[in-house]
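Trainee: The amino acid sequence is not available; the structure is as follows:
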């Protein structure tokens, strides 16, 4: 599994999610996450990088699941959990 995490399609989705999680948690801690009339640059980055992350995950799945189903599934679970964590924070933040 670790060798698949060293591949760009294995670790880039995790980095994207980790970056957003850190930015969201810092924003929550500082109290700077408030509703604004204009979305701002952070929201636009989120809107661009989240679909890109899904595409990278799909490319990883197509490339590695047929070759190494066990380790690839483990990496996909990590990527999916990271993606869901970010989406859950954003969803519950805007309720």
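Mentor: Everything's here; your move. The structure presented is a predicted model; accordingly, all values stated were derived computationally and were not measured.

Trainee: ok, residue 20 touching residue 86?
Mentor: Yes - the pair residue 20 and residue 86 passes the contact test of CB atoms under 8 Å, sitting 4.7 Å apart. Placement of C-beta: from N, CA and C, glycine included.

Trainee: list residues touching both of these two?
Mentor: Common neighbours of residue 20 and residue 86, using CB atoms under 8 Å, 6 or more residues apart in numbering, do not exist here.

Trainee: can you list contacts of stretch 13-31?
Mentor: 5, 33, 42, 46, 49-50, 52-53, 56-57, 60, 78-79, 82-83, 85-86, 89-90, 93.

Trainee: Give me the mean pLDDT for the helix or strand that contains residue 13.
Mentor: Per DSSP states H and E, residue 13 falls inside helix 8-30. Averaged across helix 8-30, pLDDT comes to 87.
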